[in-house]
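# Generate coordinates for the sequence data below:
(one chain, ligands or ions: 2)
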Amino acid sequence: MTASTPEPHTPQTAQAAPVVAVVLAAGFGTRFDPDNPKQLVSVGGKPIVCWSIEAFERCARVTDIVVVVNPKVRATVEELIGENGYGKVRVVIDGGAERVDSTAAALDMLASAGIPDEAKILIHDAVRPFVAQEAIDGSIAALDEFRAATVAFASTDTVLLTRDLGDRKVVASVPDRPDTYRAQTPQSFRFATIRRAYELAAADPDFHPTDDTRVVVDYMPGEPVAIVSGSETNLKITTMADIPVAERIAADLTHHMTREEAKARMHAMFAGAAAQMHRR
Ligand SMILES: Nc1ccn([C@@H]2O[C@H](COP(=O)(O)OP(=O)(O)OP(=O)(O)O)[C@@H](O)[C@H]2O)c(=O)n1
Ligand SMILES: C[C@](O)(CO)[C@H](O)COP(=O)(O)O
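Numbering: from 1, shown residues only. Ligands and ions are numbered 1, 2, ... in the order given. Now for the predicted structure:
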């Protein structure tokens with residue numbers, strides 16, 4: 001190319017930011033049964049961790065999935081990923097002692113993989129197997145406007161905030177019910193935002209948050225966290241008592257999916273028959 005040759009015009013196609021789901025499955029299930037990892041228990045004939053991974057496999061906007069495990073479940077989770085051919089799962093990594101440690105491990109891995117600051121990161125409890133596509137889509141969309149968002153479900157109970165008075169707790173305050181929500185997952189963030197919040201939190205050894213939203217709320221108080229509509233069925237399996245409820249939800253969903261599949265097959269059959277008639 002000579003100096004006088006005009007530079008060829010290469011149009012810059014806007015590359016959409018990756019959308020990465022982090023499925024946290026590294027918990028020890030102490031409230032469930034530490035000898036029977038709840039993330040591997042089957043409901044509706046399918047292991048809980050598979051329901052969660054499949055929810056993100058199904059969402060077309062999710063580009064990659066990272067699964068976080070502990071040594072007790074790693075081999076089985078890897079087997080399930082292989083058997084089911086989950087094509088978006090890029091890596092299975094080890095988590096840590098607490099939920100925040102497992103999130104931190106995923107963020108460190110993504111940073112070393114060179115993920116862009118603007119990537120959308122959806123952090124999900126593996127033990128919330130019935131997350132709706134609307135909640136996943138809503139989380140991804142919320143990050144176009146906000147840098148942090150959480151799926152949450154409006155509380156139907158009045159919530160009491162308490163303080164300790166020796167051997168008894170007493171009510172410290174009662175927030176207005178319409179202002180109260182139950183936190184669910186996914187909790188979603190632009191990568192730079194959640195990474196920064198975790199860097200700030202790392203300096204505080206007494207900080208043991210149970211979710212990622214709190215890391216942003218406490219350490220980046222100026223950063224609004226948008227609420228995305230959750231649902232009663234986005235249940236977290238915490239104790240054995242949750243299993244019968246989960247079985248009912250799984251049965252409803254399976255029935256619904258089977259009906260949708262049957263409808264789709266019927267439509268395809270009618271479309272085929274109509275095409276045949278037109279040909280005659
Ligand atoms: N060290 C941890 C702890 C929790 N989790 C994950 O975070 C989610 C929510 O945690 P929770 O229900 O509290 O699960 P466990 O920590 O397993 O339960 P428990 O608190 O009863 O031990 C679960 O999907 C769990 O696998 C994780 O990845 N790493
Ligand atoms: C992240 C979470 O699922 C939001 O509801 C929850 O905080 C997980 O931990 P928990 O210890 O069972 O509250």
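
# if I pick D204, what's in contact with it?
Residues near D204 by CB atoms under 8 Å, 6 or more residues apart in numbering: none. Any C-beta I mention is one placed from the backbone N, CA and C, and that applies to glycine too.

# what residues does the stretch 51-200 of the chain put near ligand 2?
Proximity of the stretch 51-200 of the chain to ligand 2 (CB under 6 Å from any ligand atom) is limited to residues 125, 183-185.

# Neighbours of the residue of the stretch 51-200 of the chain found nearest ligand 2, how many?
As assessed by CB to the nearest ligand atom, ligand 2 sits closest to A183 within the stretch 51-200 of the chain, at 3.9 Å. A count of neighbours around A183, defined by other CB atoms under 10 Å, yields 17.

# Three-state assignment for it, please.
In three-state terms, and counting by DSSP: H, G, I helix; E, B strand; the rest coil, A183 is strand.

# and the gap between it and ligand 1?
Here A183 is placed at a distance of 11 Å from ligand 1 (CB to the nearest ligand atom, to the nearest Å).

# Surely that residue is in contact with A149?
No: contact criterion CB atoms under 8 Å: A183 and A149 do not qualify, at 11.7 Å.

# where in the chain is pLDDT low?
Residues of the chain that meet the criterion pLDDT under 70 lie in 1-15, 259, 272-273, 275-280.

# can you give me the helices in it?
Secondary structure of the chain by DSSP state H: the helices cover 48-58, 74-84, 99-112, 133-142, 191-202, 212-219, 242-279.

# Can you report how many residues lie near L122?
27.

# D157 too?
8.

# Not counting residues beside it along the chain, what's closest to it?
Excluding its sequence neighbours, the residue lying closest to D157 (CB to CB, 6 or more residues apart in numbering) is R177, at 7.7 Å.

# which ones are touching the residue most central in space within the chain?
In the chain, the C-alpha nearest the mean C-alpha coordinate belongs to H124, at 2.5 Å (CA atoms, centre = their mean). By CB under 8 Å, 6+ apart, H124 lies in contact with 21-24, 52, 55-56, 131, 185-187.

# Filter the residues you listed down to just the buried residues.
With burial judged by 16 or more other CB atoms under 10 Å, the buried subset of these is 21-24, 52, 55-56, 131, 185-187.
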